[in-house]
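Chemist: okay, here's the prediction I keep looking at, along with the sequence it came from:
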Amino acid sequence: DTEVTQTPKHLVMGMTNKKSLKCEQHMGHRAMYWYKQKAKKPPELMFVYSYEKLSINESVPSRFSPECPNSSLLNLHLHALQPEDSALYLCASSQTRLQGITDTQYFGPGTRLTVL
Amino acid sequence: AQSVTQPDIHITVSEGASLELRCNYSYGATPYLFWYVQSPGQGLQLLLKYFSGDTLVQGIKGFEAEFKRSQSSFNLRKPSVHWSDAAEYFCAVGSRNTGTASKLTFGTGTRLQVTL
């Protein structure tokens, strides 16, 4: 089973709201990723968690706050977003291996976020 | 720095015709290469991957890709396209882990349209 689930599927929020996106996987993967994808563009990496610790932050604004409460869950907390943050937010997971190796990332279906 | 080029932004083929989507990469060592497919509003699904070994890789849905080191290419092929293959296709190269997680660099994508 290579399933990554994301909730909600769609989210509409105002610029003053606080909301959260949730991602879950049960493949035993210890690396989890958040991507942002604008229309007709490839996904852009935002954050990487490895063994529940933040490994990579691609200079994302602080209005996006990731959290990895356990090895199966990944959250993205949203606060004071701007309309330009409207996008498809994708979660992915992969195994973790020794240095020098890369791993296949498996993606969830995404959350379509609209900021009004 | 690694990079991926997908020269064709949009391709239209007739159902039943053969398909080839081009991908060129730039990477300093032996690359890890992926093809993903994305239907509108959906997440990315892994079609196939190349890590090492046989340069002709078979994937799901009847797709295959050939790694050609001399041409820095990893083109995706399908002998007979179905209308359900209409989607966005992304080629990606994976970096080696510098810690315990790796990064993907995506091409800009090729939108495939299938005419009946």
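Modeler: In hand now; what should we look at? Residues are numbered from 1 along each chain as shown, chains lettered A, B, ... in the order given.

Chemist: where does chain B have low pLDDT?
Modeler: Within chain B, the segments meeting pLDDT under 70 span B:96-101.

Chemist: what segments of it are strands?
Modeler: B:3-5, B:10-14, B:19-21, B:24-26, B:32-38, B:44-50, B:56-58, B:64-68, B:73-78, B:87-94, B:104-106, B:110-115 (DSSP state E).

Chemist: now those strands in JSON lines, with mean neighbour count?
Modeler: No exception for glycine: its C-beta is placed from N, CA and C like everyone else's. As requested, these are exported to JSON lines (neighbours: other C-beta atoms under 10 Å in any protein chain shown):
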{"stretch": "strand B:3-5", "mean neighbour count": "16"}
{"stretch": "strand B:10-14", "mean neighbour count": "13"}
{"stretch": "strand B:19-21", "mean neighbour count": "18"}
{"stretch": "strand B:24-26", "mean neighbour count": "17"}
{"stretch": "strand B:32-38", "mean neighbour count": "23"}
{"stretch": "strand B:44-50", "mean neighbour count": "20"}
{"stretch": "strand B:56-58", "mean neighbour count": "14"}
{"stretch": "strand B:64-68", "mean neighbour count": "18"}
{"stretch": "strand B:73-78", "mean neighbour count": "20"}
{"stretch": "strand B:87-94", "mean neighbour count": "23"}
{"stretch": "strand B:104-106", "mean neighbour count": "22"}
{"stretch": "strand B:110-115", "mean neighbour count": "16"}
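
Chemist: spell out which parts of chain A neighbour chain B.
Modeler: A:2, A:4, A:6, A:30-31, A:33, A:40-43, A:45, A:48-51, A:55-56, A:88, A:90, A:92, A:94, A:96-110, A:112 (C-beta under 8 Å from any C-beta of the partner chain).

Chemist: out of those residues, which are inside strands?
Modeler: A:4, A:6, A:31, A:33, A:45, A:48-50, A:55-56, A:88, A:90, A:92, A:94, A:106-107, A:112.

Chemist: buried subset of the residues of chain A next to chain B?
Modeler: A:4, A:6, A:30-31, A:33, A:42-43, A:45, A:48-50, A:55-56, A:88, A:90, A:92, A:94, A:96, A:102-110, A:112 (16 or more other C-beta atoms under 10 Å in any protein chain shown).

Chemist: a markdown table for the strands of chain B, including distance to chain A?
Modeler: Listed next are these as a markdown table, based on distance: least, C-beta to the nearest C-beta, whole Å:
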| stretch | distance to chain A |
| --- | --- |
| strand B:3-5 | 9 |
| strand B:10-14 | 10 |
| strand B:19-21 | 14 |
| strand B:24-26 | 13 |
| strand B:32-38 | 4 |
| strand B:44-50 | 4 |
| strand B:56-58 | 13 |
| strand B:64-68 | 14 |
| strand B:73-78 | 14 |
| strand B:87-94 | 4 |
| strand B:104-106 | 4 |
| strand B:110-115 | 8 |
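
Chemist: if anything else comes up later, I'll come back, but that's it for now.
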